[in-house]
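> pasting the structure only:
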């Protein structure tokens, strides 16, 4: 009797879980669309969404491919500078500035990936960090980046030359639209056959090799996709905030995105978004009150979360729900 009823019960629970996740995402999307009307500061939410895209891009590499990069700020910051220069100096329209910023980061990611991808573990991480420091030095020395002053006063311009983005509300809905597109794209990538191979590489790379997969090509493509999406986040951030500075390409920015991803939950879809929300919210709330101590406070919170939630907040929640599902199924 149990053998007959268990599969149907399992399918029912899985359907309920998928429905709950779908309802949660729809509710969050509605909340995001109504945020300006609810009194939330649009620029703050836009900044949060930009870093959420950055964290999701990093999670595609770490959470679903198993590659830890210490140099993702290079892609975020490079795209920020490319977009800022194209729009401010060369008078490109914002959509072209964002497009070329993301493509520029993708090309840098291709070069970095071709150098680093054949190494594993800490060696891979150190190569990415070293190349990121080289990108930081270039941004510091090149005249078109503004040096230590960065690029200031980058105009938002008009989308396709028709829709002005100077209004925070108009800019906000553009950022929300791009965030949703990136989130859905990452979900599609991960759930595709390509994504399943990435997961296999993460779990057991020698087995993937024995099955005939060209592992390095898959990892390189994942690295380039992650770099491109990170560049998109950097381009959007420049457009939203109106500036690109050395902090965008500094190694500490790589540390921040690692923190966001681990805090929310590596290998989960919504974890990086949640982690970005925590970090950006704390920075926004505490910066004026405690100054540079905000870094220490975030560090303490991170340590406590790692001790209490080893899979991240969202990861632990998913693990708890999975245990409940198995108990009900048994």
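Received, thanks. From a predicted model like this one, the values you see are computed outputs, not experimental measurements.
> so where's the stretch 201-330 of the chain uncertain?
The model of the stretch 201-330 of the chain has pLDDT under 70 over residues 291, 329-330.
> where do the helices of it begin and end?
With DSSP state H, counting those that start in this stretch, the ranges of helices along the stretch 201-330 of the chain come out as 205-210, 215-241, 251-264, 271-290, 293-308, 313-329.
> as a markdown table, the ones you listed with distance to residue 94 would be great.
Just so you know, the C-beta spots here come from the backbone N, C-alpha and C atoms, and that holds for glycine as well. Converted to a markdown table, the helices of the stretch 201-330 of the chain look like this (distance: least, CB to CB, whole Å):
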| stretch | distance to residue 94 |
| --- | --- |
| helix 205-210 | 41 |
| helix 215-241 | 6 |
| helix 251-264 | 22 |
| helix 271-290 | 22 |
| helix 293-308 | 31 |
| helix 313-329 | 32 |
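> determine which stretch of these is the most buried.
Sort the helices of the stretch 201-330 of the chain by mean neighbour count, taking mean count of other CB atoms under 10 Å, and helix 215-241 sits at the top with a mean of 25.
> show me what it is packed up against.
Applying 3 or more CB pairs under 8 Å, 6 or more residues apart in numbering; DSSP states H and E, we find helix 215-241 packed against helix 42-65, helix 73-88, helix 94-116, helix 168-191, helix 193-203, helix 205-210.
> and the angle for that helix with helix 168-191?
170 degrees (axes from the mean of the first three to the mean of the last three CA atoms, to 10 degrees).
> off-centre distance for stretch 148-163?
Stretch 148-163 sits 23 Å away from the centroid of its parent chain (CA atoms, centre = their mean, to the nearest Å).
> what's the answer for stretch 157-175, then?
Distance, centroid of stretch 157-175 to centroid of chain: 22 Å (CA atoms, centre = their mean).
> so for it, what gets flagged as buried?
When burial is assessed from 16 or more other CB atoms under 10 Å, stretch 157-175 yields the following buried residues: 157, 159, 165, 171-172, 174-175.
> tell me which two of those residues sit farthest apart.
Largest separation among these by CB to CB: 157 and 172, giving 15.8 Å.
> got the contact list for residue 260?
51, 54-55, 58, 272, 275-276, 278-279 (CB atoms under 8 Å, 6 or more residues apart in numbering).
> thought residue 98 was touching residue 234?
No: checked against CB atoms under 8 Å, the pair residue 98 and residue 234 is beyond contact range at 9.6 Å.
> which neighbours do these two share?
By CB under 8 Å, 6+ apart, the residues touching both residue 98 and residue 234 are residue 83.
> most packed of the helices and strands packed on helix 215-241?
Greatest average neighbour count among the helices and strands packed on helix 215-241 goes to helix 73-88 (a mean of 30), per mean count of other CB under 10 Å.
> and that helix, what's its mean pLDDT?
Averaging pLDDT along helix 73-88 gives 94.
> start at 27, not 1
Done: numbering now begins at 27, and the last item shifts to helix 99-114.
> got the angle for it vs helix 241-267?
50 degrees.
> helix 99-114: how far from the chain's middle?
16 Å.
> where in the stretch 77-226 of the chain is pLDDT low?
Short version for the stretch 77-226 of the chain, where the test is pLDDT under 70: none.
> roughly how far does residue 175 sit from residue 267?
15 Å (CB to CB, to the nearest Å).
> right, I mislabeled it, should have said residue 333
Taking CB to CB, one finds residue 333 at 34 Å from residue 267.
> what does residue 179 give?
Taking CB to CB, one finds residue 179 at 11 Å from residue 267.
> and what of residue 293?
From residue 293 to residue 267 the distance is 30 Å (CB to CB).
> cool, residue 82 as well?
19 Å.
> with residue 162 instead?
Using CB to CB, residue 162 is found at 19 Å from residue 267.
> can you give me the neighbour number for the closest residue to residue 103 other than its chain neighbours?
In space, and not counting its chain neighbours, residue 103 is closest to residue 275: 2.6 Å by CB to CB, 6 or more residues apart in numbering. Using other CB atoms under 10 Å, residue 275 has 30 neighbouring residues.
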